[in-house]
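> Need a 3D model of the sequence below.
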Amino acid sequence: AIQSRCTRFRFRPLERTFIEKRLIYISENENIQITNKAIRAIARLSRGDMRRCLMILQSCAMMYQKHLYIKDKMTDDQEIKSITEQQVYISTGQPLRSDIRNMLQWMLNDSFSSAREKICDLQHTRGLALNDIITEISDYLLTFKLPISNESIIYLLKMLAEIEYQSSFTNSHEIQLSALISAFQLAKHATKNKVNVELYLKDDAAFSDKVF
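Just a heads-up that it's a prediction; the model follows:
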């Protein structure tokens, strides 16, 4: 009833360059030591949401920098290590880019049972959500040119969308994970040669610049 009497405003996501500049400004004023790669990772994970950026930055600072020292009160023996890109992904529960590369390598080259066992083990060890894995894989498919046909890419993206949709209605994510691996196995059989994912997914800088 209240929504019918209100006007809904939709704001476009903020530009990545603006978010990065703002994160640098906040980090300098709060004396948060953070690497440039970590800032790019926060900007990408936020998907243009500045509030989410600040939450991630605050979470990382609280987790990896126990105290936010004021510069003029710091002493020489107080060493603050910089927040890294890997720590950003871990604090948000997102899969590392190395995790996604490994998953793609397993799904496109290993047998179904082997790939499923490895991914399940990684998922349980890291506590990764299936939807986050799907999002990261779809970003990789759209960013890098893998040595598989365009038809296979289209098929995989369509299947990723269906699996993501179905996973929102069921608690049986193991079945959805099996469907994900099956889709890549079918795409693999359409490619006669073995796919060396590392040769095509090694440029992480390009990934950060293109995806957002």
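
> where in this protein is pLDDT low?
Within the chain, the ranges that satisfy pLDDT under 70 run 1, 64-80, 191-212.

> any chance you could map the helices in it?
Assigned by DSSP state H, the chain shows helices spanning 16-29, 36-46, 50-64, 85-92, 97-109, 112-126, 130-143, 150-167, 173-189, 204-210.

> Could you single out the most deeply buried of those helices?
Burial of the helices of the chain is given as mean neighbour count (mean count of other C-beta atoms under 10 Å); helix 36-46 ranks first at a mean of 22. From N, CA and C alone the C-beta is placed, and that goes for glycine too.

> packing partners for it?
Here helix 36-46 touches helix 16-29, helix 50-64, helix 85-92, helix 204-210, going by 3 or more C-beta pairs under 8 Å, 6 or more residues apart in numbering; DSSP states H and E.

> mind checking which of those is nearest residue 119?
Closest to residue 119 of the helices and strands packed on helix 36-46 is helix 85-92 (C-beta to C-beta; 17.0 Å).

> quick check: angle from the closest one to helix 97-109?
Helix 85-92 runs at 80 degrees relative to helix 97-109, counting by axes from the mean of the first three to the mean of the last three C-alpha atoms, to 10 degrees.

> contacts for helix 85-92?
With contacts defined as C-beta atoms under 8 Å, 6 or more residues apart in numbering, helix 85-92 is touched by 35, 37-38, 40-42, 45, 56, 59-60, 63-64, 95-97.

> Alpha carbons of that helix, as CSV, please.
Only the C-alpha atoms of helix 85-92 are listed here, as CSV (Å, rounded to 0.1, in the frame of the first residue of the first chain):
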residue,chain,number,x,y,z
GLU,A,85,43.4,-8.2,-3.1
GLN,A,86,43.2,-11.8,-1.8
GLN,A,87,42.0,-10.5,1.6
VAL,A,88,39.2,-8.6,-0.1
TYR,A,89,37.9,-11.7,-1.7
ILE,A,90,38.2,-13.8,1.4
SER,A,91,36.5,-11.2,3.7
THR,A,92,33.5,-11.0,1.3
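
> Next, the angle from it to helix 112-126.
Taking the same axes, to 10 degrees, one finds helix 85-92 and helix 112-126 inclined to each other by 80 degrees.

> Helix 85-92 versus helix 36-46: what angle between them?
Note on geometry: by the same axes, to 10 degrees, helix 85-92 and helix 36-46 are set 30 degrees apart in direction.

> Give me the angle between helix 85-92 and helix 130-143.
Angle of helix 85-92 versus helix 130-143, following the same axes, to 10 degrees, is 140 degrees.

> Contact partners for residue 153?
Here residue 153 is in contact with 141, 146 (criterion: C-beta under 8 Å, 6+ apart).

> Please repeat the previous calculation with a cut-off of 7 Å.
residue 141 (C-beta atoms under 7 Å, 6 or more residues apart in numbering).

> Same check on residue 13?
47-49.

> From those, pick the one nearest residue 29.
Distances from residue 29 to these, taken by C-beta to C-beta, are shortest for residue 49, at 20.8 Å.

> quick one: the closest one from residue 145, how far?
According to C-beta to C-beta, to the nearest Å, residue 49 and residue 145 sit 29 Å apart.

> Buried only: go through the contacts of residue 13 for me.
residue 48 (16 or more other C-beta atoms under 10 Å).
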